[in-house]
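Undergrad: Give me coordinates for this.
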Amino acid sequence: MILFCEYVIPEQYRDAYIAWVKADPERWRGTEILENTGQPGVFVEIRSAGNKEEAKEIEQERREGRSWIEMEQWVKGGREGLRIWTFRQVKISE
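TA: Down below sits the predicted model:
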């Protein structure tokens, strides 16, 4: 399963957000952070989860825990600006 988090960091906060991310690489272990090339400031985080329960735990931490609270100040729309989806693989062939 993949947990996909998406949010927008307005241009005036982008440098502060990037510096914050880089200041604590351990916080982001196992997370891929990507920025949209056509829409700068639109970021996604991709995290792997072994099962539904793990995905739910990651989502709860992301919404309520240490990784969210500090960056809320930069996200467009604040806490409500964070969108999280969990995807499971569709097997095309067995």
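
Undergrad: which stretch of helix or strand covers Phe43?
TA: strand 42-48 (DSSP states H and E).

Undergrad: what about the strands in the chain?
TA: 2-8, 31-35, 42-48, 83-87 (DSSP state E).

Undergrad: among these, which is nearest Ala55?
TA: strand 83-87 (4.5 Å; CB to CB). C-beta coordinates here come from the backbone N, C-alpha and C atoms, glycine included.

Undergrad: For the closest one, name the packing helices and strands.
TA: Strand 83-87 sits against strand 2-8, helix 52-64, with contacts defined as 3 or more CB pairs under 8 Å, 6 or more residues apart in numbering; DSSP states H and E.

Undergrad: and those as a markdown table, adding distance to Glu35?
TA: Formatted as a markdown table, the helices and strands packed on strand 83-87 follow (distance: least, CB to CB, whole Å):
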| stretch | distance to Glu35 |
| --- | --- |
| strand 2-8 | 10 |
| helix 52-64 | 18 |
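
Undergrad: Just put those in TSV and tack on mean neighbour count.
TA: As requested, the helices and strands packed on strand 83-87 are exported to TSV (neighbours: other CB atoms under 10 Å):
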stretch	mean neighbour count
strand 2-8	18
helix 52-64	14
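
Undergrad: Which one of these lies nearest to Arg83?
TA: Taking those one by one with CB to CB, strand 2-8 is closest: 4.8 Å.

Undergrad: helices or strands next to that closest one in the packing?
TA: Using 3+ CB pairs under 8 Å, 6+ apart, strand 2-8 sits against strand 42-48, helix 52-64, strand 83-87.

Undergrad: Out of those, the one nearest Ile33 is which?
TA: strand 42-48 (5.4 Å).

Undergrad: Could you give me the buried positions within that closest one?
TA: By 16 or more other CB atoms under 10 Å, the buried positions in strand 42-48 come out as 43, 45, 47.

Undergrad: Going by distance to Ser93, which of those wins?
TA: Arg47 (26.3 Å).

Undergrad: Done for today, thanks.
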